[in-house]
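In: quick one: sequence plus predicted model below, questions after.
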Amino acid sequence: MTSNEIRLNYYLDETCVLCDTEATSRDELLELMVGALHRKYKGFERDDVVKAVIERELQCPTVLASGLALPHARLAEISSPVLAVATSAKGIDFEAPDEDPVQVVVLILTPKSDPGAYLRLMASLSKLLNNKPVIKRLCVATSAREVYGIITEGAENITVKLNAESVMDCNPVVLDESNTLSDAIKAFCAHQVMDIPIVDEEGDLRGTIAIEDLLRQSLPQHLLWMEDLSPIENFEPFAEVLRKDEETKIADFMHDEYVSVKPDIPAIQLAKIFLMKNVRQIQVVDGRHFLGVVNLHSFNAQIFWA
């Protein structure tokens, strides 16, 4: 087996499969899954791992759009990755904003000494499970053995390359050229993002806008040259912009210069781009067609914390 090949049966034992779990909450389920791994493998503090996994989910939920969650923790006490799987026909609220209840959960514990292990397993599991037919098969399975078989069948030799496609966000916040400044304000504030790609009707990337652009729209250039802005007591320039926020098209102030990469670029190359280009977000495109984004924050989380 090469370093790019993943065999899920190497890391998953049938005793660590919870078929149609009766857990009703995210935290209860994670306790059960960590408990199953602890009974099988020992060597780590159960309560500490439960706390670490839940804390990770609170900071950055690992829910994918298809009803799949891949919670994770890195442990100094283990030498190789281990997995636990849980299914729920009725679904479990993983408390992720704007996401449906999760029906399939794969808990990934990896060695702290191998920062790429989580990324390889995440990419492999996403490739296998990020489609509705497989999720449906898992949800109607009636035994742990059946779930184990679905997870490991055809997965004996999944080739995974750590590239931009494997670490990008496939469903980021995006806006259309026809959206307005009002739409942009709502998107920035509601989703707490710093940068937003702008696409056209065909799904091609047209440009980007950043959170700073909201301020730039409100402060004319001559004000930026003024040493003392104390005479402006009530944000009058901002009020003027807000009066026109539903008329101002984001196409009028978006940036058509941005940093983009192809989906097959090695993931480590992204680290260099973040440092050399001093950007927060890298656009992933196929030609001009928009595929997703890699954000500096989430990229660092996947590498150092996951």
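Out: Done, it's in.
In: please enumerate the strands of the stretch 1-150 of the chain.
Out: 5-6, 12-18, 63-64, 68-69, 72-75, 82-92, 102-111 (DSSP state E, counting those that start in this stretch).
In: quick one, which of the ones you listed is nearest to D245?
Out: Judged by CB to CB, the one of the strands of the stretch 1-150 of the chain that comes nearest to D245 is strand 63-64, at 31.8 Å. Every C-beta, even on glycine, is put in place using the N, C-alpha and C of the backbone.
In: for that closest one, packing partners?
Out: Applying 3 or more CB pairs under 8 Å, 6 or more residues apart in numbering; DSSP states H and E, we find strand 63-64 packed against no helix or strand.
In: report how many residues lie close to L37.
Out: Residues lying near L37 (other CB atoms under 10 Å) number 22.
In: again with the one 10 residues further on
Out: Other residues near D47 number 10, with proximity taken as other CB under 10 Å.
In: now the strands of the stretch 1-150 of the chain as CSV including distance to E57 and mean neighbour count?
Out: Formatted as CSV, the strands of the stretch 1-150 of the chain follow (distance: least, CB to CB, whole Å; neighbours: other CB atoms under 10 Å):
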stretch, distance to E57, mean neighbour count
strand 5-6, 23, 18
strand 12-18, 17, 19
strand 63-64, 9, 21
strand 68-69, 8, 24
strand 72-75, 9, 22
strand 82-92, 12, 21
strand 102-111, 11, 24
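In: which of these has the lowest average pLDDT?
Out: Mean pLDDT is lowest for strand 5-6 out of those, coming in at a mean of 66.
In: which stretch among the strands of the stretch 1-150 of the chain comes nearest P220?
Out: Closest to P220 of the strands of the stretch 1-150 of the chain, according to CB to CB: strand 63-64, at 42.4 Å.
In: among the strands of the stretch 1-150 of the chain, which is nearest T248?
Out: It is, among the strands of the stretch 1-150 of the chain and with distance given as CB to CB, strand 63-64, at 34.0 Å.
In: could you pull out the helices for the stretch 1-150 of the chain?
Out: Using DSSP state H, counting those that start in this stretch, the helices of the stretch 1-150 of the chain run over 26-41, 46-59, 117-129, 132-140, 144-152.
In: any chance of the strands of the stretch 1-150 of the chain in a markdown table with distance to E146 as columns?
Out: Putting the strands of the stretch 1-150 of the chain into a markdown table (distance: least, CB to CB, whole Å) gives the following:
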| stretch | distance to E146 |
| --- | --- |
| strand 5-6 | 21 |
| strand 12-18 | 9 |
| strand 63-64 | 22 |
| strand 68-69 | 18 |
| strand 72-75 | 25 |
| strand 82-92 | 10 |
| strand 102-111 | 13 |
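In: out of those, which comes closest to E240?
Out: strand 63-64 (40.4 Å).
In: shaky segments in the stretch 201-306 of the chain?
Out: Within the stretch 201-306 of the chain, the ranges that satisfy pLDDT under 70 run 306.
In: can you tell which of the strands of the stretch 1-150 of the chain is closest to D256?
Out: strand 63-64 (30.7 Å).
In: strands paired with the closest one, and their directions?
Out: Partners of strand 63-64 in the sheet, by DSSP bridges, are strand 68-69 (antiparallel).
In: which other residues reach the partner strand?
Out: 61-63, 94, 96, 102-106, 125-126, 129-130, 135 (CB atoms under 8 Å, 6 or more residues apart in numbering).
In: nearest to T15, of these?
Out: Taking the contacts of strand 68-69 together and measuring to T15 by CB to CB, the closest member is V106, at 15.2 Å.
In: so what pairs up with the closest one in the strands?
Out: Bridge pairing for V106 - DSSP bridges - gives V85.
In: now swap in L64 and tell me
Out: L68.
In: pretty sure it contacts L125?
Out: No. Assessed by CB atoms under 8 Å, L64 is found out of contact with L125, at 9.5 Å.
In: what residues are shared contacts of those two?
Out: L70.
In: possible to save the helices of the stretch 1-150 of the chain as CSV with mean pLDDT?
Out: As requested, the helices of the stretch 1-150 of the chain are exported to CSV (pLDDT from 0 to 100):
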stretch, mean pLDDT
helix 26-41, 96
helix 46-59, 92
helix 117-129, 85
helix 132-140, 89
helix 144-152, 93
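In: deepest-packed of these, please.
Out: helix 117-129 (a mean of 21; mean count of other CB atoms under 10 Å).
In: nearest spatial neighbour of I6, skipping sequence neighbours?
Out: S124 (4.0 Å; CB to CB, 6 or more residues apart in numbering).
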